[in-house]
Each structure stands twice: as structure tokens, then as C-alpha cells.
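Undergrad: 3D, please:
(2 chains)
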Amino acid sequence: MAVLTYRDALNQALREELSRDENVFLMGEEVAEYNGAYKVSRGLLEEFGPMRVVDTPIAELGFAGIGVGAAMTGLRPIVELMTWNFALLAIDQIVNAAAKVRYMSGGQLGCPIVFRGPGGAALQLAAQHSQAFESWYAHIPGLKVIAPATPADAKGLLKSAIRDDNPVIFMEGEMLYNTKGEVPEEEYTIPIGKADIKRAGDDVTLVCHSKTLSVALKAADKLAEQGVSAEVLDLRTIRPLDTEAIFASVSRTHRCVVVEEGWPFAGVGAQVVYEIQESIFDELDAPVLRVTQADVPMPYNRALEKAAKPDPDRVAAAVRKVMYLEA
Amino acid sequence: MATKVVMEALSPTMEEGRLVEWKKKEGDSVAVGDVLADVETDKAVMELVARAEGTLLKQVAPAGATVPVSDIVGWIGKPGEAVGGNGATADKAGGTDKAQRPEPVEAPRPERKAEAAPAVAAAPAPAPARAEGERVKASPLARRMATERGIDLAGIQGSGPAGRIVQRDVESAQPAAAAPAAAAPARVLVIPAGEPYQDVPLTQIRKTIAKRLAQSIGPIPTFYLTSEVDMERTADARDAINASGDGKISYNDIIIKATALALKQHPECNGWWQDDHIRYWNEVHIGMAVAVPDGLITPIIRHADLKTLREIAAEARDLAGRARERRLKPEEYTGSTFSISNLGMFDIDEFTAIINPPEAGILAIGRIAEQTVPAAEGLEVRKRMKITMSCDHRVIDGATGAQFLRTLKRMLENPLAMIW
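TA: Numbering: from 1, shown residues only, chains lettered A, B, ... in the order given. The predicted structure follows:
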């Protein structure tokens, strides 16, 4: 298998899908001439031309709406948002148009569109540019929400997202673009709605997604030194949530900690905890704990920013608590 | 930092405890749950267990000292660690000044012998013995495992936060250790579903009766009903069982069983006076008065109506034995719905017993004596016993008590009636 960056894995997915289906096109700020703000679309303008790779003005609501309209008439747009923070300007088109077209037209219209871009915090981008919005979109019936953590998952899931006949929110990570991983050489897709065990373990399940996968894996390393065997379950898709995989893992380990980048209130982890207690209450030996971003706007100060983010030490501490290893 | 060992409230009404004996010496290492000392409460001798692990650094209270609840009796920590950093705390903690005083008079308090009032559940006394009615905290997994393995969670010490029983506690518990004081054969008692009692609001007439009668005699307007019971058939049945070589039962065991069954037929006598309502119990828990060296205590045969004579006999023997050693747990002597006091073994012909509030009745059992009684032809010598029921008139009226007593008499005169 080839070792690729997350960025290049996404680039491959875009290239392959643009080649496979002439209805697919990419649209967004700086995606064409500049090769993408984060170079995800590098070389695509050259290869597919300006009708398929389209630069837009800085007008998120406008081009999101153009995308929704194009999808309703049969094209398969990929709308790149420079970051998900800017999608706040486009959210009316995403929530009120894309997510509801199929329902409100009684199935006469579809909306096969992908909104994609980096989400969550990077480094010192301050409160307005460091936000993880997974739970906002996962809240909306009609949207699928994907947040892959590895290059291979990113490629396989983006291809599935582009081929899906419904609107898909695809959340990448600025801090993930340069990470490397093995990516299969041959054509493949990864089904939407399937979680993946990234590390097997017996004592506790760490549920994570996107950037918190690396946090969970580091915590699992630390815990292994203390004799605790942690299983790391990467959700990959937030909605539909792979409850089957969650239940299977927690039914074996009987203890669970959910790690996420978002804020605690009504976050992704809150849903995970709800599903667990509703369906496998009798498997639990301890309350399910969550490690989230601190419940504050992200600080700009470097030390405070670090303290606000989930980190392996906080995850390990939560695990020790559910293991009853300390008070 | 060292951890305090405090005098814990080991019974619902305990305000101070006498440290009878230290079970760990200074310098001994202790684990959570280890017995540190025996403590005599107002009711029984109980175990004070360690809540922290480490080394017993200091015995602040010497053996024999009487220490108020929540005062410090010792310290657990790392060897060599300084203790009692806070002088004020340490001073207060000692109870040493008290210790030097002559031992406090342990006045017998018969009137408090079994204040079965779960409503005043007092401060939640932490394990080892959960207070009467205190919920057993266990993780869902621990509950499921215990059910699957037939382990009674009530008998397990939880190691999780606030005494929560978790997986490892169930795993280390032995099913056999589940029911330490259970009756001889391991039989799972099937308690019928439904509420254990009904609260019935007081009618105006009932309120007036209560007030008037209370004014007339003492706090509990008591009246007495005496009945003479022919015990020939009960004696035959008892002798036959005991002759079979399969365990022994006493008259008292049979009386407990019969009383419980009779109460089941007359639930109006199986109630608690609750000041603004009467609680009629659907369950029957018989308190049996046991004389102890400095007073008496009333351990309880729970669900006596549902238990076999064999079970009652084993349980009564165990409870009476531990009562005399003052080793009863609070839940073993609180919460009875009706009581029996038997002085037959002291050759008492008949007597009246004092009601054990909030219960509404108590039976006083006299000796079984050979009496000459009229028979179909001439006279006959038969085993006879006088039983006297003290009734709280606020709950039980004369005719109600009499009907109950008649049922009981029939059962004792013809034991088959018990299974009728």
C-alpha cells in the first residue's frame, strides 16, 4: 500500500470521482486557480477545466445555494468550505434547503451534494476559527455527517459521500491534512455509517472520531503502561451512528469514555452515552464519561488553548475513574 | 495525607459508641474493609471497618473509650506520616478525656428496644451494614452478574464510589457467602408482588377515638385480651417432628408461624400507628423478644407467614444466639410489624407485654401447664397455655383483636388449620 497524506488521499478521491462521473463538480473559494486553500484540489483545474472545478466569490450562502440548486437538477456538486467556521454563513442553505428538499418535495427532488472542508481547532486560530460543529449538523434529520481520522478512511468515505444521493457533511481537519497513512492502491470505498476499531482492547472502550483518534491512541499507550487495555473505536461517521459497533465493544469492555473535540453540551458524546445507557444498561460497570473541549470559546493563548483541548492525560484520568482505579 | 478514622453511626439511633476492642494495632497495615475495632452501639456490638488503606498510624481512642459519632478514633496513612495536623481536630477527636471518665452507665432502654421507624432513617450510615431500607448501590453490570450467579448484593461490600458494588466486587463474592444468616435449607423465598403495605388515612371517628383514648391512658391506649389455648395437638405435632431426627423446633417457633398466619387473615391487627394515618402491612415481620444480659431486644423473623417451620426454627435460633452476643445488625431488629414475648420458660402463667411502637399489638405467651379441664365425660388433664394480647386501641378495636386471637387459638389447637 502507498503511504499518502490525508490531503493527497482526499485529492485522489476527488480526482477519481470527477473522472468517474461527469455530473460531479467541485466548487468553492480558491479551489481552482489557487489549488485550494489547503491544496486539497491541487491539479484538478488543470485536469478537469473550469466547468468542473469552479472558483466562487467569498459568498458562502450564495455558492452553497447554487450547489443545492445544481444538486436538485441532477448534478453532484462538491462544495468546499474553506473551513466549517465559514459555513455558519451558509447554514440556511444546508439546513433549510439541502436537508429538506427530498422530504418537502415528497421525494420528487433529491439533493446529492457534499459540503466539505476542515473543522475543529488547529493552532491558535482563536475562538471564531476553532470550532467543531459535528453535533450541529448531526442534529438535522436529512443530513449525513462524516469525520474521518486517517488518509485511508478519508479517501474511501469521500468517494462514498460523493456517490450518496443525499446531502453529506464531510468534516476534515486542518491538523490532519499533513498526517500520513497507508492507502490501498486499488479502487475502494468505505461505507457510510460504519465505525472501525483502531486498536483492540479489553478493559475500556474509547469512542472517538477525527482528531481525537490520535488523542485516544496516545491515551491507550499510556494506559497500557499502567496495565489497562483500552479499545479505540473510531466512529468515522457521526450520523448515521454505528450503534451496533459501539454496543458490541462496550458489551465486551463494560466501560466507556467518549472523546470529542466539540463542546460538552448536547455534543456527539452525549448521543453516544444516551444510546449506550438505553440499549446496554446492564452491561455497564460504571457511568460513561466524556472528555470534550472545555465549555468555553477556544482561547487564543497557546497554553490556555492546550488546556481547553481534550488530551491523552485527561482521557487516561477518565479511564482510571471508570475502572475505579482512583476516587 | 493521613485519613481519619471516625466513629461511625452504626445504628439509626446511635449518637456515641464505646470502642470495645481494637482489632488492629498501631503499625498494622490495613486494607479497605478490614475490621479496625469492635464498637458497642446503643443496640449491639458492631464492626468499625477501614475506609482507607495504609497503616494504622494511631489509635486516638483507647479501648473502652466512649466516643461521639463522627469524632476521630484513629488515623490511617503511610508509615511515619504525621497525623492530626489540625490540633483542634485532634483534640476534639480524641474522646480521650471521656475515655478517662468512668465507663458510662449503659442503662437498659427497653422502651427503645426496637424503634422500627424507617421514616426517621437518620443520617445515612455507610456500610458495612446498610441501614434499614438503605438502597444497595451497584453498577448495572454488577446487578446483572449477581442475578445470574444467584448472589445477594445486600451481602456484598462495594468498593466503588459511595460503596457502589462494581464488577470486581461481584467477581470476588462467593455465592455461598450470599446469605450468611439464612435459614437452614437454601430456599429462595418467593415474596408475592405488590406493595408491602397500605396507608389508610384516618377517619374522623378514628381520630377522635385515638385522641380520647390516648388522653385516658398514657401515650398508647392499651387494652388486653387473654385466651386460654389447648396445646395438646401442637405438643403432639412438635414431639413428632422432633422425634423424626430431622431438626428440632420449639413451641415458640410454632407460635411465631401461627401468629404470622393469623395476622395474614387479620391484617387489621398487623398495622403501625403513624399519628396521621395507619399503615396496614401486607407483609408479616414478627419481632421476637429476646432477653439479653442488660435488657432485651427484638430480632425479627421477616415474612414469617411465608417461611416453613424449619426455616423459622433455624432463623430464630441464629437470631437469638447473636442477640445474646449483641451481634445483631440494625436491620435485624428494626421493622417488625407485630411482636411476641414469651416468658413460658420462666414458669409465668400469664402476663401483659408492653407494645413496641409503632406496632399495634404484642402477644404475651405464658407457660404450657397441665390443667384439669372438663371433657366430654368427666375431667381430663391437658396441656394448656394462656396468651394475652396487648392492643393499641387507636388501631385495634376489641372485637378485631378478639377475632384475631380466636383464629390464632384455632390454629394452635389444631395445627392443620395453619395450612387450611
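Undergrad: find the residue at the geometric middle of chain B.
TA: Nearest to the mean C-alpha position of chain B, by C-alpha atoms, centre = their mean, lies B:Y333 at 1.2 Å.
Undergrad: show me what contacts that residue?
TA: B:K43, B:A44, B:K113, B:A114, B:G287, B:I297, B:T298, B:P299, B:I300, B:A323 (C-beta atoms under 8 Å, 6 or more residues apart in numbering or on different chains). Where you see a C-beta, it was placed from the backbone N, CA and C, and this is true even at glycine.
Undergrad: which one of these is nearest to A:L75?
TA: B:I300 (79.8 Å; C-beta to C-beta).
Undergrad: quick revisit: look up how far B:H285 lies from the residue nearest to the centre of chain B.
TA: Using C-beta to C-beta, to the nearest Å, one gets 11 Å for the distance from B:Y333 to B:H285.
Undergrad: ok, B:Q371 next?
TA: Using C-beta to C-beta, one gets 33 Å for the distance from B:Q371 to B:H285.
Undergrad: more crowded one of the two?
TA: For the pair B:Q371 and B:H285, the greater number of neighbours falls to B:H285 (23 against 14), based on other C-beta atoms under 10 Å in any protein chain shown.
Undergrad: quick one: pLDDT of that one?
TA: Here, the pLDDT recorded for B:H285 equals 95.
Undergrad: who does it bridge with?
TA: B:H285 has these beta-bridge partners by DSSP bridges: B:R302.
Undergrad: I'd say B:I348 and B:M385 touch.
TA: No - using C-beta atoms under 8 Å, B:I348 makes no contact with B:M385, being 11.0 Å away.
Undergrad: what touches both of those two?
TA: The overlap between the contact sets of B:I348 and B:M385 (C-beta under 8 Å, 6+ apart) consists of B:G366, B:R367.
Undergrad: who has more neighbours out of those two?
TA: Comparing B:I348 with B:M385 by other C-beta under 10 Å, the one with more neighbours is B:M385, at 25 against 14.
Undergrad: how about the host helix or strand of that one: buried residues?
TA: Assigned by DSSP states H and E, B:M385 belongs to strand B:379-392. Within strand B:379-392, the residues that qualify as buried are B:K383, B:R384, B:M385, B:K386, B:I387, B:T388, B:M389, B:S390, B:C391, B:D392, counting by 16 or more other C-beta atoms under 10 Å in any protein chain shown.
Undergrad: quick check, the second one in contact with B:Q371.
TA: What it means is B:R384. Yes - B:R384 is within contact range of B:Q371, at 4.3 Å (criterion: C-beta under 8 Å).
Undergrad: how about the buried residues of strand B:379-392 in CSV, adding distance to chain A and pLDDT?
TA: Formatted as CSV, the buried residues of strand B:379-392 follow (distance: C-beta to the nearest C-beta, whole Å; pLDDT from 0 to 100):
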residue, distance to chain A, pLDDT
B:K383, 56, 93
B:R384, 58, 95
B:M385, 53, 95
B:K386, 55, 95
B:I387, 50, 95
B:T388, 52, 96
B:M389, 48, 96
B:S390, 49, 94
B:C391, 48, 94
B:D392, 45, 93
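Undergrad: quick check: residues of the stretch 201-327 of chain A near chain B?
TA: Neighbours of chain B within the stretch 201-327 of chain A, by C-beta under 8 Å from any C-beta of the partner chain: A:H254, A:F281, A:D282, A:E283, A:L284, A:D285, A:A286, A:Y324, A:A327.
Undergrad: how far away is the fourth one from A:I276?
TA: Applying C-beta to C-beta, the value for A:E283 to A:I276 is 8 Å.
Undergrad: overlap of the contact sets of those two?
TA: A:V250.
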